[in-house]
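Asker: no letters, just coordinates:
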């Protein structure tokens with residue numbers, strides 16, 4: 001266990017180094033050309049999961065990230081505007097965009113990796129989308145071109161840090177075993193079932209989220225995605241839903257303590273990065289640690305933007321609980337996927353490469 005904790009700390013430090021490097025570059029860019037602070041949020045939201053996805057990527061995978069991530073990051077900003085102006089249409093496009101990467105897994109490992117990269121900017125959109133920010137932070141959302149540039153910065157920072165770590169660091173990443181693909185006898189295919197389940201859970205979260213939580217709908221949608229992604233079967237989805245809720249409750253307690261202590265401004269930003277680092281370190285032990293860390297970090301972020309995060313904590317817990325319930329209901333009763341023994345849907349690894357459930 002001690003060796004595992006040390007190894008986890010090393011990997012977490014690499015990820016946070018890449019995150020801070022990209023954040024610093026975005027901060028310099030923001031000051032140089034007068035961009036809005038949204039670019040800083042986008043930089044962190046993209047770099048954090050990308051560092052994990054790219055840790056064992058080959059040259060082809062890294063080149064793919066430099067093409068796909070900036071392009072989809074730009075499109076996601078336009079999608080954010082669509083959701084803000086035409087909620088139903090934007091929700092439909094988002095639902096399709098989050099489900100398609102799961103469906104294309106049937107076409108093999110390359111398609112799976114491409115789908116993972118396509119998902120990252122969409123999940124970043126849910127972290128702090130424009131409509132969820134207070135009015136003073138909505139005046140100048142980053143344009144699609146600048147968002148694409150932030151995507152390039154994220155890819156470059158991750159590549160630089162990981163290349164130096166591979167050359168100078170004490171450990172090299174252990175690539176996932178290359179398992180042969182086996183055709184599935186299920187009809188519809190597992191990838192189709194998982195895509196349908198994801199679409200149903202996310203669409204339900206968009207609908208109920210807007211009705212019940214108004215502008216705070218992203219919390220419900222994000223939880224539905226996290227609980228439904230990487231579907232290993234009914235029990236797996238239920239377990240992740242419970243872990244996210246338990247972690248969010250713990251994060252709520254932490255965030256309340258921070259709010260009572262009156263930490264704001266730069267202090268809250270520093271504390272947010274500290275919390276993210278600790279959550280990354282402990283995440284391999286249990287997903288609840290990551291959920292707790294993200295809940296606390298998002299509360300600090302909202303507080304930085306001027307929202308009363310303390311008054312919204314109960315609302316967040318309610319949204320998380322309902323989002324998890326939607327994902328569980330979809331996995332259990334809508335084209336359920338049998339739990340795999342050794343191989344995942346379509347013969348690939350049963351868990352999706354950590355796109356959504358690592359930055360949720």
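Answerer: Yep, it's here. Since this is a predicted model, take the numbers as computed values, not measurements.
Asker: endpoint to endpoint, stretch 51-70 covers what distance?
Answerer: Its first and final residues considered, stretch 51-70 spans 15 Å by Cα to Cα, to the nearest Å.
Asker: may I see the buried residues of the host helix or strand of residue 31?
Answerer: Under the criterion DSSP states H and E, the helix or strand holding residue 31 is helix 2-33. With burial defined by 16 or more other Cβ atoms under 10 Å, the residues of helix 2-33 counted as buried are 8, 11-23, 25-26, 29-30. For glycine as for every other residue, the C-beta is placed from the backbone atoms N, C-alpha and C.
Asker: show me what it is packed up against.
Answerer: Under the contact definition 3 or more Cβ pairs under 8 Å, 6 or more residues apart in numbering; DSSP states H and E, helix 2-33 sits against helix 38-53, helix 144-168, helix 265-282.
Asker: which of those sits closest to residue 198?
Answerer: When the helices and strands packed on helix 2-33 are compared for distance to residue 198 using Cβ to Cβ, the nearest one is helix 38-53, at 17.0 Å.
Asker: remind me what whatever helix or strand comes next after the closest one packs against, helices and strands.
Answerer: For helix 38-53, the following helix or strand on the C-terminal side (DSSP H and E) is helix 59-85. Contacts defined by 3+ Cβ pairs under 8 Å, 6+ apart place helix 59-85 against helix 38-53, helix 87-103, helix 109-127, helix 144-168.
Asker: what's the angle from the second one to helix 59-85?
Answerer: Interaxial angle of helix 87-103 relative to helix 59-85 (axes from the mean of the first three to the mean of the last three Cα atoms, to 10 degrees): 160 degrees.
Asker: tell me the mean pLDDT over helix 87-103?
Answerer: Across helix 87-103, the average pLDDT comes to 95.
Asker: what of the last one?
Answerer: Mean pLDDT, helix 144-168: 93.
Asker: next: the third one.
Answerer: Taken as a whole, helix 109-127 has a mean pLDDT of 87.
Asker: tell me which element residue 232 falls in.
Answerer: Following DSSP H and E, there is no helix or strand that holds residue 232.
Asker: burial of residue 53, as a residue count?
Answerer: As a burial measure, the neighbour count of residue 53 was computed by other Cβ atoms under 10 Å and equals 22.
Asker: from residue 143, how far off is it?
Answerer: From residue 53 over to residue 143 the distance is 25 Å, taken as Cβ to Cβ, to the nearest Å.
Asker: again, but for residue 211
Answerer: Between residue 211 and residue 143 the computed distance is 31 Å (Cβ to Cβ).
Asker: quick revisit: who wins for proximity to residue 244 among the helices and strands packed on helix 2-33?
Answerer: If you check each of those against residue 244 by Cβ to Cβ, helix 265-282 wins as the nearest, at 12.7 Å.
Asker: and the angle for that closest one with helix 2-33?
Answerer: Per the same axes, to 10 degrees, the angle that helix 265-282 makes with helix 2-33 is 150 degrees.
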